[in-house]
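Participant: next input, structure requested:
(one chain, ligands or ions: 3)
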Amino acid sequence: MLPLHANAATKLEDLFQHIDAHQDDFVQSLKDWVAVPSDSSDPRFREQLIRMVQMTAERIRTLGATVQLVDMGLETLHGGQTIQFPPAILAQLGNSTDKATVCFYGHVDVQPAKKEDGWKTDPYTITEINGNLYGRGATDNKGPVLAWIHAIDTYIALQKTIPVNLKFIIEGVEETGSPGLEELLKGHEEFFSDVDYIVISDNVWLSRKPALTYGTRGNAYFFVEVESGKKDLHSGTFGGIIHESMRDLVYLLASLADTAGHILIPGIYDDVAPLTEEESKLYESIDFDMEEHKNNTEVNTFLYNTKEEILQHMWRYPSLSIHGIEGAFAGVGTKTVIPSKVIGKFSIRQVPNMKIPVVEKLVKKHLEDVFAKLNSPNKLKVSLEIGAMPWVANVDDPQYEAARTAIRKVFGVTPDMIRDGSTIPLARTFQDLTKKKVIMIPIGGADDGEHSQNEKISRSNYIQGTKLFASFFLELAKLHEDLQKKSNSNQVKISQRIRSQT
Ligand SMILES: NCCC(=O)N[C@@H](Cc1c[nH]cn1)C(=O)O
Ligand SMILES: [Zn+2]
Ligand SMILES: [Zn+2]
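Facilitator: Numbers count the residues shown, from 1 in each chain. Ligands and ions are numbered 1, 2, ... in the order given. I've put the predicted structure just below:
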């Protein structure tokens, strides 16, 4: 056993040197993981997905952790058949009462990927080109999960005391919306009871500069269904004499937002937190190249012309997107059908202090009002399918201070404090259910292409990210020790006061 205060002797340079020296091994591990097509959306890959979760559990076990595979039950497919959900991993390494406990949440399932989709290399074979490691899951989320594991491995290899207690929650169905995860959290309250901080590394930087993420938008996803009858009809034979459901629906969808991106649902902006002068200043200093972002996005113009407006509309204002119409003719050719039942799909990204039940009411009221003016005999149905709340952290919390210091030590710069316009529903769920402090520490680059063809993580981000996590453990331990001393001395003061009162 090493002395308790071996921490103090743990030199960052030793850790960094070890990580640099073993980078090829770390890349090889990523190769092995990416080689497993753990696509959670396609049942045909289910065996591989379950194997991926088991491999991950085994890997975490080699750290010396206690690992539990939690059965997640059966998934019901669209056809009604059922298949096994992959299990979730709960693991623990270390339980010293004088150390902070950090829980890492990540996922080892991936988005679908086929070479024919336009990949330059085989998506399941990590291929290094110009310092980039291409492969499905490289950045989302296998690379970051491995970086975390390798950071821990480094302490073990160098026989250093790990400065924090570690816990893991790793799942295999994040890409399909984490079904069952909330129940898992609710059913394992004791697992989270001693957790101080939850770390998520499932997003990317905004630019070439390292960043910490302190907020994500939520999402309210709606279906709006219009039904005229039970069967599709011929537009030559029936066109002109019936109320077409598709005509009603496009009218409804068009009423949701204008072409400038402004949402037209009355009252929708009422709860949006006003922009304070203080917050407004935050956006000026962020490293963000609008032109580069435009090029990456492959569009001609954005809705806004300044960096500040763009960032605000990605992060702190709601947006409404229309995603598709189920039941509408969407194929090639010139089919002359009148569809009977069509379902419009749209979603509204949520920001503080919007409330899902309020948004639901406003959307339903608006669509019903617009529909009433159409004098249509068709049936209208509006339903909320997903209600994920936004998440915002306090950037003055100790986990952010520790991560900022860690970034300075690895990259020599102060990170940009960023938000993410997309949604990690679990972030807010973690915060609300477990009451623990959440931080997002992205390690991937802005151009990693999550969910896209040619997803990658750069070797440099992967290796520096490993150093960042290793250094984060140390910084967090230092801060936690200080905090504990302070709270202990407060505790003494309080008990003294109580004694003096009695
Ligand atoms: N790191 C990005 C994670 C991500 O893409 N999450 C999805 C989740 C979601 C929100 N509503 C439906 N599904 C998204 O934001 O669309
Ligand atoms: Zn992810
Ligand atoms: Zn993803």
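Participant: in the stretch 101-250 of the chain, which spans are strands?
Facilitator: For the stretch 101-250 of the chain, the strands defined by DSSP state E, counting those that start in this stretch cover 101-107, 127-129, 132-134, 165-171, 197-200, 211-216, 218-227, 233-234.
Participant: same deal with the stretch 351-500 of the chain?
Facilitator: For the stretch 351-500 of the chain, strands defined by DSSP E, counting those that start in this stretch occupy the ranges 379-388, 391-392, 416-420, 437-440, 456-458.
Participant: highest average neighbour count across the ones you listed?
Facilitator: Mean neighbour count (mean count of other CB atoms under 10 Å) peaks for strand 456-458 among the strands of the stretch 351-500 of the chain, with a mean of 27. Where you see a C-beta, it was placed from the backbone N, CA and C, and this is true even at glycine.
Participant: ok, now which ones touch the closest residue to Asp109 other than its chain neighbours?
Facilitator: Counting by CB to CB, 6 or more residues apart in numbering, Asp109 lies nearest to Ser40, which is 3.7 Å off, once chain neighbours are set aside. By CB atoms under 8 Å, 6 or more residues apart in numbering, the contact set of Ser40 is 49, 86, 109-110, 172-176.
Participant: can you do 7 Å?
Facilitator: By CB atoms under 7 Å, 6 or more residues apart in numbering, the contact set of Ser40 is 49, 109, 172-173, 175-176.
Participant: Val173 too?
Facilitator: Shown in contact with Val173 (CB under 7 Å, 6+ apart): 40, 85-86, 109, 179.
Participant: what do you get if the cut-off is 10 Å, keeping everything else the same?
Facilitator: Residues near Val173 by CB atoms under 10 Å, 6 or more residues apart in numbering: 40-41, 49, 53, 72, 75, 85-86, 88, 107, 109, 179-181.
Participant: try Lys11
Facilitator: 17, 158, 160, 474.
Participant: does the last one touch Ala100 like I think?
Facilitator: I take that to be Leu474. No - taking CB atoms under 10 Å as the definition, Leu474 is not a contact partner of Ala100, at 11.1 Å.
Participant: common neighbours of the two, please.
Facilitator: With CB under 10 Å, 6+ apart as the test, Leu474 and Ala100 both reach 163-164, 402.
Participant: enumerate the residues of the stretch 351-500 of the chain near ligand 1.
Facilitator: Proximity of the stretch 351-500 of the chain to ligand 1 is confined to 386, 388, 422-424 under the rule CB under 6 Å from any ligand atom.
Participant: how does it look with 8 Å?
Facilitator: In this structure, the stretch 351-500 of the chain approaches ligand 1 at residues 386, 388, 420-425, 450-451, judged by CB under 8 Å from any ligand atom.
Participant: if we can go back for a sec, export the shared contacts of Leu474 and Ala100 to JSON lines and tack on distance to Ser285 and neighbour count?
Facilitator: Output for those, formatted as JSON lines (distance: CB to CB, whole Å; neighbours: other CB atoms under 10 Å):
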{"residue": "Pro163", "distance to Ser285": "31", "neighbour count": "25"}
{"residue": "Val164", "distance to Ser285": "31", "neighbour count": "25"}
{"residue": "Ala402", "distance to Ser285": "21", "neighbour count": "26"}
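Participant: distance of the nearest residue to Gly137 once chain neighbours are set aside from Pro37?
Facilitator: Of all residues not flanking Gly137 in the chain, Val110 sits nearest, at 4.0 Å (CB to CB, 6+ apart). In this view, Val110 and Pro37 are 7 Å apart by CB to CB, to the nearest Å.
Participant: pick out whichever of these two has more residues nearby.
Facilitator: Between Val110 and Pro37, Val110 has the larger neighbour count (other CB atoms under 10 Å), namely 31 against 19.
Participant: identify the residues contacting the more buried one.
Facilitator: Contacts here follow CB under 10 Å, 6+ apart; on that basis Val110 touches 33-34, 36-41, 45, 49, 52, 123-124, 135-138, 140-142, 172, 174-175, 451, 455.
Participant: give me the domain ranges for the protein.
Facilitator: Per automatic domain parsing, the structural domains of the chain span 8-216+391-485, 219-272+317-388, 274-308.
Participant: now the ones you listed as a markdown table including mean pLDDT?
Facilitator: Formatted as a markdown table, those follow (pLDDT from 0 to 100):
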| stretch | mean pLDDT |
| --- | --- |
| domain 8-216+391-485 | 96 |
| domain 219-272+317-388 | 97 |
| domain 274-308 | 92 |
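Participant: make JSON lines out of those and add distance to ligand 2.
Facilitator: Formatted as JSON lines, the domains of the chain follow (distance: least, CB to the ion, whole Å):
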{"stretch": "domain 8-216+391-485", "distance to ligand 2": "4"}
{"stretch": "domain 219-272+317-388", "distance to ligand 2": "14"}
{"stretch": "domain 274-308", "distance to ligand 2": "19"}
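Participant: quickly find the element holding Gly261.
Facilitator: If you go by DSSP states H and E, Gly261 is not part of any helix or strand.
Participant: that one - nearest residue in space that isn't next to it in sequence?
Facilitator: Leaving aside its sequence neighbours, Gly261 sits nearest to Leu303 (CB to CB, 6+ apart; 4.6 Å).
Participant: so the one you found sits against His313, correct?
Facilitator: Yes - shown here, Leu303 and His313 form a contact pair, counting by CB under 10 Å, at 7.0 Å.
Participant: list residues touching both of the two?
Facilitator: Residues touching both Leu303 and His313 (CB under 10 Å, 6+ apart) are 261, 319.
Participant: so for the two, which residue has more residues nearby?
Facilitator: Counted by other CB under 10 Å, Leu303 and His313 do not tie: His313 has more neighbours, with 17 against 12.
Participant: give the buried subset of the residues of the stretch 351-500 of the chain next to ligand 1 as a ChimeraX selection command.
Facilitator: Of these, the buried ones go into a single ChimeraX selection, burial set by 16 or more other CB atoms under 10 Å:
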select :388,420,421,423,424,425,450
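Participant: identify the farthest-apart pair in the residues of the stretch 351-500 of the chain next to ligand 1.
Facilitator: Longest distance between any two of those is 19.1 Å, between Ile386 and Glu450; criterion CB to CB.
Participant: Val102 and Gln399, how far apart?
Facilitator: For Val102, the distance to Gln399 equals 8 Å [CB to CB].
Participant: how about Met440?
Facilitator: Distance from Met440 to Gln399, counting by CB to CB: 10 Å.
Participant: what's the overlap in contacts for the two?
Facilitator: Between them, Met440 and Gln399 have 198-199, 212, 393 as joint contacts when contacts are counted by CB under 10 Å, 6+ apart.
Participant: make a markdown table out of those and add neighbour count.
Facilitator: Converted to a markdown table, the shared contacts of Met440 and Gln399 look like this (neighbours: other CB atoms under 10 Å):
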| residue | neighbour count |
| --- | --- |
| Ile198 | 24 |
| Val199 | 22 |
| Leu212 | 22 |
| Ala393 | 21 |
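Participant: of those residues, which is the nearest to Trp205?
Facilitator: For the shared contacts of Met440 and Gln399, the nearest to Trp205 is Leu212 (9.5 Å; CB to CB).
Participant: identify the bridge partners of that closest one.
Facilitator: When assigned by DSSP bridges, Leu212 has beta-bridge partners Met417.
Participant: against ligand 1, how distant is it?
Facilitator: The gap separating Leu212 from ligand 1 is 15 Å, by CB to the nearest ligand atom, to the nearest Å.
Participant: my understanding was that that residue contacts Arg408; is that so?
Facilitator: No - using CB under 10 Å as the test, Leu212 is too far from Arg408 to be in contact (11.5 Å).
Participant: burial measure for Leu69, as a count.
Facilitator: Leu69 has 16 neighbouring residues, counting by other CB under 10 Å.
Participant: correction: the previous question concerned Ser471.
Facilitator: A count of neighbours around Ser471, defined by other CB under 10 Å, yields 22.
Participant: how about the residue nearest to the spatial centre of the chain: what's its closest non-neighbour residue?
Facilitator: Nearest residue to the geometric centre of the chain (CA atoms, centre = their mean): Ile424, 3.4 Å. Nearest residue to Ile424, sequence neighbours excluded (CB to CB, 6+ apart): Thr216, at 5.3 Å.
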